[in-house]
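**Student:** Dropping a prediction and its sequence here:
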Number of protein chains: 2
Amino acid sequence: MKKITIGEAARQSGVKVPTVRYYESIGLLAAPSRSEGNQRSFEPADVSRLAFIRHARELGFEIEAIRTLLTLQDDPHQSCASADAIAKARLIEVEQRIRSLKALKAELETMVEGCGHGRVDQCRVIEVLADHGQCTHPHH
Amino acid sequence: MKKITIGEAARQSGVKVPTVRYYESIGLLAAPSRSEGNQRSFEPADVSRLAFIRHARELGFEIEAIRTLLTLQDDPHQSCASADAIAKARLIEVEQRIRSLKALKAELETMVEGCGHGRVDQCRVIEVLADHGQCTHPHH
DNA sequence: TCTTGCACCTCTAGTCGCTAGAGGATGTAG
DNA sequence: CTACATCCTCTAGCGACTAGAGGTGCAAGA
């Protein structure tokens, strides 16, 4: 029986040590067994689960969505319709976010280009911020 | 002397009432004068300031950045270099965010397309989440 | 064996930018 | 005068951690 310490689990999964404890505290990760000295002792499966969580977090899934995805993973005979729906919803979110960030980028570019590096009273950055009507894209 | 209530200021600026109070509490907006019955009484300048804040927030500027932008606006004889720097930094952030979201979108698309709508054990969504090595873009 | 020093433990509180709710006062229209 | 909306202050909560205090466990070198 190899014992994986929390530090080792953190290193292998890429999740920080306090975050591992946090995930345990919110029930995303089952409480592992403990050593004689009350230290957590993880299984390889726990490390995989942490890597799964980390990857999903990086892709911007919320904890509650991940909780659902994990329960699906735990029971592989279920239909994957929920997993599909969660991923699709996330995809739509991401597409919208990209669209709005592009509008925003255009706005910021106008601001920065217009700045003549003079005094504030001629500054387009401040001016545009003060008056939304000057925005090229009204979408925000 | 026209008196602008907090509700009116909120309506005109597009900032919610509790948020106006919050901005006052963190010193982003000067405490306005009060009516006999202790109710806030705003000036038109306060409403402009709130609109400025709202617009900057919509563009994703953090409160501390907005604080700096506001002090610049308050003293229009200063150089606008700081405003320019803040806007440029924000632009770079936005560009990076767009790039990473695009990688993410590609990832999610692969996941969703690969899903055969069968059972979880054949589901690409779950599979890809469990194994980062399957990602087309390693950039996340 | 002792000691050094890092990794671990629990617990609380803080982060950001609000938002929600309790419990009460004020202001206005009918 | 009575509804009723709006206002007031205050505290607590959100998500997803992060930081710090104060203490314990453990492995390796002197």
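**Tutor:** On my side now, so go ahead.
**Student:** So what does the closest residue to A:Cys135 other than its chain neighbours look like in phi/psi?
**Tutor:** With sequence-adjacent residues excluded and distances taken as CB to CB, 6 or more residues apart in numbering or on different chains, A:Cys135 is closest to A:Glu107, at 5.8 Å. (Glycine included, C-beta is placed from N, CA and C.) When read as degrees, to the nearest 10, the backbone of A:Glu107 gives phi -60, psi -50.
**Student:** burial measure for A:Glu107, as a count.
**Tutor:** For A:Glu107, the count of nearby residues is 26 (other CB atoms under 10 Å in any protein chain shown).
**Student:** pLDDT at it, what is it?
**Tutor:** As predicted, A:Glu107 sits at a pLDDT of 84.
**Student:** separation between the residue in chain A positioned nearest to DNA strand C and DNA strand D?
**Tutor:** Ranked by CB to the nearest atom of the strand, the top residue of chain A for proximity to DNA strand C is A:Gly7, at 2.4 Å. Noted for A:Gly7: a distance of 10 Å to DNA strand D, by CB to the nearest atom of the strand, to the nearest Å.
**Student:** again, but for A:His117
**Tutor:** According to CB to the nearest atom of the strand, A:His117 and DNA strand D sit 35 Å apart.
**Student:** surely that residue meets B:Asp84?
**Tutor:** Yes. Counting by CB atoms under 8 Å, B:Asp84 is a contact partner of A:His117 at 6.5 Å.
**Student:** surely A:Leu80 meets B:Glu127?
**Tutor:** Wrong residue type there; residue A:80 is Cys, not Leu. No. Using CB under 8 Å, A:Cys80 makes no contact with B:Glu127, being 9.9 Å away.
**Student:** Quick check on those two: which one has the bigger neighbour count.
**Tutor:** Higher neighbour count among A:Cys80 and B:Glu127: A:Cys80, with 23 against 18, using other CB under 10 Å.
**Student:** what residues are up against that one?
**Tutor:** By CB atoms under 8 Å, 6 or more residues apart in numbering or on different chains, the residues touching A:Cys80 are A:Leu72, B:Cys115, B:His117, B:Gly118, B:Arg119, B:Val120, B:Gln122, B:Cys123, B:Val125, B:Ile126.
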